[in-house]
Structures are given as C-alpha cells and as structure tokens.
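**Q** Starting from these lines, generate the structure:
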Amino acid sequence: MYDPNNIFGRILRGEIPVAKVYENEHVLSFMDGMPQSDGHTLVIPKVPSRNLFDAQPDVLAELIKATQYVAKGVKKAFNPDGIRIAQFNEPAAGQTVFHLHFHIIPCYEGQELRVHARGMADPALLTAHATKVVDALKKQGP
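**A** As a prediction, this is how the structure comes out:
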C-alpha cells in the first residue's frame, strides 16, 4: 500500500527541499541526499506508485524516458567510467523509500561506492552537483 507521507511524497508537496536537477509534468529529478558517489541522482514519478509493480505503464514510460535523459546529463557533468541505473522493489530487494524511483549512480574505476543511507551530504555540495547536471542538460537539449 502506498503511504503519501513517505519522504518522496513530502518532497513532491514541497515540504522538504532538494537540489533539483530536472522536472516536467510527469517526473521530478534531484540529487540523492545520501549519495553513493558524486553525482548520484534520483528520478521519481509525480504520481503515487509504491514500486514498479503498481505503476501504470504510461507512468513507467515517462519515468524511464526521464531517467535516460537525466543519466545523459549526469554522464556529461561528471564524466564517470560507467553509470549504474538501479531500481528496488520491496525491503528484501533493498527498497527503503516506498515511492517508485530510479537511482543514477556514477561509477569510477578504482573507487568504491559509498554505503547508502549512512549520513546526509552537505547541502551546498548537492546544490553544486545539481548545477553541474542542470548545465549539462541545457547543453544537451530536450
């Protein structure tokens, strides 16, 4: 069952500030507050969906299009050696926020990913990272 008071629901209602990267009528993308690497970005649908299994197909279509678009911006902004795109469904699979979302995680050769959910990043750093992605997306175009 979807709980509208989850952190992403609160973010969508403007109750919690984020370092926004991209937004359209279907999705919101922002820097992960507990990033596993520099540039770790999230993409969420604006409609309530607990996870992949209860999302409508049209929601999934818009979400994956936006994830690809933002991932290209993250790649251009951070120049990683690779990018991990992750999505989890239910606690046993690692889901901790029960609002459908994709992680865009830049990966760098020889650099281990940080453990997720182990402390908040500096908001000023997240804002700087968001600005890099926004600038890359502007150069990239729609």
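**Q** what about the residue positioned nearest the centre of the chain, which SS state?
**A** For the chain, the residue nearest the mean C-alpha position is L42 (0.3 Å; C-alpha atoms, centre = their mean). What DSSP: H, G, I helix; E, B strand; the rest coil gives for L42 is strand.
**Q** I'd like to know how far it sits from L100.
**A** Using C-beta to C-beta, to the nearest Å, one obtains 11 Å as the distance from L42 to L100. C-beta here means a position set from N, CA and C on the backbone, and glycine is covered the same way.
**Q** Ok, A66 next?
**A** For A66, the distance to L100 under the criterion C-beta to C-beta works out to 12 Å.
**Q** Neighbour count: these two, which is higher?
**A** A side-by-side neighbour count of A66 and L100, using other C-beta atoms under 10 Å, places L100 first with 26 against 21.
**Q** Report the spatially nearest residue to that one, omitting neighbours in sequence.
**A** The shortest distance from L100 to any residue other than its chain neighbours is 4.1 Å, reached at S49 (C-beta to C-beta, 6 or more residues apart in numbering).
**Q** K139 now?
**A** Taking C-beta to C-beta, 6+ apart, and ignoring the residues beside it in sequence, K139 has K76 as its nearest neighbour in space, at 7.1 Å.
**Q** My guess is V133 contacts L42. True?
**A** No - using C-beta atoms under 8 Å as the test, V133 is too far from L42 to be in contact (11.6 Å).
**Q** Can you check which residues contact both of these two?
**A** Any residue near both V133 and L42 by C-beta atoms under 8 Å, 6 or more residues apart in numbering counts here, and that gives M31.
**Q** does the residue located most distally from the centre of the chain sit in a helix, a strand or a coil?
**A** For the chain, the largest distance from the centre (C-alpha atoms, centre = their mean) belongs to G110, which lies 23.4 Å off. In three-state terms, and counting by three-state DSSP, G110 is coil.
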